[in-house]
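Participant: make a model of this:
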Amino acid sequence: MDKKGAFDSRRVNDYYIRAKENEIKKLDEKRISLEKQILAGKEKCDENKKLLNRIETENQALKQQYVNLVRMVESKGLTFDIANNNYDVKEWDSLILAKRGLSYIVLSKKGDELEILDKDTSIILKDLLKEKTNYSFVVVRVTSKTIRAQLRINKVSE
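Facilitator: The predicted structure follows:
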């Protein structure tokens with residue numbers, strides 16, 4: 001019985017050792033897989049940081065360009081060429097900007113609708129004509145085909 005008992009315990013011992021070795025092998029494989037995932041994650045993170053830095057730099061440059069353009073518009077104004085469909089408009093007449101939905105429309109002082117400004121222009125004007133901003137919109141030239149008007153924006157100082 002000793003031999004048989006020793007044989008059985010040896011067999012159990014070998015089985016236990018093999019099971020633990022397999023468990024260790026699986027854990028090592030999992031560790032290697034996780035290390036690869038961590039490394040890939042770090043590389044992706046580094047790429048994203050570089051991309052973020054590049055985008056932030058571009059964003060700062062665009063913000064500076066925008067500020068410069070706004071200053072230029074404030075100092076020089078915007079000129080609009082409007083098709084003249086026999087409107088009763090004379091040089092130096094004031095025009096009115098009115099908001100309709102998401103767009104701005106140009107009205108004569110009599111209330112005639114001269115032009116509906118496109119979406120992009122309306123977005124820009126919305127930004128420029130914020131609170132504490134005055135503007136003058138004046139006809140500077142009238143021909144049989146076009147009405148040239150200038151929009152001047154004046155920030156109200158507090």
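
Participant: which residue ranges make up the domains of this protein?
Facilitator: 1-76, 78-155 (automatic domain parsing).

Participant: deepest-packed of the ones you listed, please.
Facilitator: A comparison of these by mean neighbour count, using mean count of other CB atoms under 10 Å, puts domain 78-155 on top with a mean of 14. For glycine as for every other residue, the C-beta is placed from the backbone atoms N, C-alpha and C.

Participant: for this structure, what spans make up the helices?
Facilitator: For the chain, the helices defined by DSSP state H cover 2-76, 119-128.

Participant: how far does the helix or strand bottoming out on mean pLDDT in the chain sit from its chain's centre?
Facilitator: Sorted by mean pLDDT, DSSP states H and E, the helices and strands of the chain end with helix 119-128, the least confident at a mean of 88. Distance of helix 119-128 from the chain centroid (CA atoms, centre = their mean, to the nearest Å) equals 16 Å.

Participant: so what's the model's average confidence on stretch 49-67?
Facilitator: Here stretch 49-67 scores 96 as its mean pLDDT.

Participant: in this structure, which segments are predicted with low confidence?
Facilitator: The model of the chain has pLDDT under 70 over residues 1-7, 131-132, 156-158.

Participant: repeat the analysis, applying 90 as the threshold.
Facilitator: 1-16, 66-67, 69-75, 77, 101-102, 120-121, 123-135, 153-158 (pLDDT under 90).

Participant: pull the residues that contact stretch 76-87.
Facilitator: Stretch 76-87 has contacts (CB atoms under 8 Å, 6 or more residues apart in numbering) with 106, 108, 112, 114-115, 140, 142-153.

Participant: again, 10 Å this time
Facilitator: Contact partners of stretch 76-87, identified using CB atoms under 10 Å, 6 or more residues apart in numbering, comprise 72, 89, 93, 95, 106, 108, 110, 112-115, 117, 121, 124-125, 128, 135-154.
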